[in-house]
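K.L.:
I'd like to go over a predicted model; first the sequence, then the structure.
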Amino acid sequence: IAAGLDELILKLKKTLNSTFIIVTHELESIRLVADRILMLDMGEVIFCGTLEEAAQSTNERLRQFFDRKPDAYISQRNLD
């Protein structure tokens, strides 16, 4: 289903020359359809930029998400 939605978004983006705001945790969708990304953590913006900027970022939370690393921060927070 996600792949079909990605294709539809890309088609609409091109046809309508429009901007879309998409909320997702799907890395493949992000990489395929996003020109810019914004990442929130506990309601705070921790990153806003292009995919290229995200790839070069040293932000630990952003790296954990994009590198698909286990998240000790989330695990510890859920234990409290």
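P.N.:
Thanks, I have it.

K.L.:
how about the helix or strand containing residue 49: buried residues?
P.N.:
Residue 49 belongs to strand 44-50 when assigned by DSSP states H and E. Across strand 44-50, burial judged by 16 or more other Cβ atoms under 10 Å covers residue 47. Just so you know, the C-beta spots here come from the backbone N, C-alpha and C atoms, and that holds for glycine as well.

K.L.:
Tell me the gap between the helix or strand following it and the middle of its chain.
P.N.:
With elements assigned by DSSP H and E, the helix or strand that comes after strand 44-50 is helix 51-56. Remark: helix 51-56 is offset 11 Å from the chain centroid, using Cα atoms, centre = their mean, to the nearest Å.

K.L.:
Need the contact partners of the next helix or strand after helix 51-56.
P.N.:
Once helix 51-56 ends, the next helix or strand along the chain (criterion: DSSP H and E) is helix 60-66. For helix 60-66, contacts defined as Cβ atoms under 8 Å, 6 or more residues apart in numbering pick out 27, 39, 41, 46, 47, 54, 55, 57, 69, 70, 71, 73.

K.L.:
Okay, domains of this structure per the record?
P.N.:
1-34, 35-80 (automatic domain parsing).

K.L.:
could I get the contacts of helix 60-66 as a markdown table with pLDDT and distance to residue 1?
P.N.:
Shown next, in a markdown table, are the contacts of helix 60-66 (pLDDT from 0 to 100; distance: Cβ to Cβ, whole Å):
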| residue | pLDDT | distance to residue 1 |
| --- | --- | --- |
| 27 | 90 | 16 |
| 39 | 94 | 23 |
| 41 | 88 | 27 |
| 46 | 94 | 28 |
| 47 | 96 | 27 |
| 54 | 94 | 25 |
| 55 | 91 | 27 |
| 57 | 94 | 30 |
| 69 | 81 | 26 |
| 70 | 73 | 27 |
| 71 | 66 | 25 |
| 73 | 57 | 30 |
